[in-house]
Structure formats: structure tokens, C-alpha cells
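Colleague: Provided below for reference: sequence and predicted model.
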Amino acid sequence: MRKVLLMMAAVIMLQTFFIGGASAKYVKSSDKTISINTGLKLVIPFNTAKKSFELQEAVHKNLKTTTGLDLDYFYLWIELDGQPILAVDPIRGMY
């Protein structure tokens, strides 16, 4: 029984060590931008691009700390009349 408990403790400690060492990173140089120009010079009052970016960054951080997954990722930025309106982290099958 003692050996089993020691082995389980060692596994938990090693798992914690490796999960803490995960280093998924945002590769800004791989970002792509999709621009849509309407010619209407629309003004977007909400900061949706920043909010969607921050939300997805929080999801990446949460996944990294809970599962230890190590994936590099990038964003598709969608612009409307030169203003960023959305940041999308494409799923693995898209790139």
C-alpha cells in the first residue's frame, strides 16, 4: 500500500511539473488579415476585435494550465473599412 501511494504521489508531482512547463505561444508573424471595404467609411463603436482576442487568449491559457497541451497558434483578423472587428483563432483543420 505504501509503495502504491508513493508511486501515485510521484506521478502527480511529475504531471504537475510537466504541465507547468508547457509553452504554447501566440505566433504573431503568422497572423492573416481579411479586409472588407464597403466604401461607406463605417465607424465601429465597439472594440469587438480586442474582446474576442482576449477571450481566446484566456481559453488558450486555461487549456495550457489544465491539460498541458503545447500548440502554437495564430489569428485571422477581420477588418471592416480598415478597422479590426474580429479576431478568430482557426481550428486545427483550417490551417
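Modeller: Okay, I see it.
Colleague: Downstream of the least confident helix or strand in the chain by mean pLDDT, the next helix or strand is which one?
Modeller: Counting by mean pLDDT, DSSP states H and E, the chain has its least confident helix or strand at helix 2-20, which shows a mean of 59. Counting by DSSP states H and E, the next helix or strand C-terminal to helix 2-20 is strand 32-36.
Colleague: What lies in contact with that next one?
Modeller: Contact with strand 32-36 is made by F74, Y75, L76, W77, I78, E79, L80, D81, G82, as judged by C-beta atoms under 8 Å, 6 or more residues apart in numbering. Just so you know, the C-beta spots here come from the backbone N, C-alpha and C atoms, and that holds for glycine as well.
Colleague: Out of those residues, list just those in strands.
Modeller: L76, W77, I78, E79, L80 (DSSP state E).
Colleague: could the residues you listed go into CSV alongside neighbour count?
Modeller: Shown next, in CSV, are the ones in strands among the contacts of strand 32-36 (neighbours: other C-beta atoms under 10 Å):
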residue, neighbour count
L76, 15
W77, 18
I78, 18
E79, 16
L80, 17
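Colleague: could I get those residues as TSV with distance to K25 and pLDDT?
Modeller: Formatted as TSV, the ones in strands among the contacts of strand 32-36 follow (distance: C-beta to C-beta, whole Å; pLDDT from 0 to 100):
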residue	distance to K25	pLDDT
L76	17	93
W77	18	95
I78	22	94
E79	24	94
L80	28	92
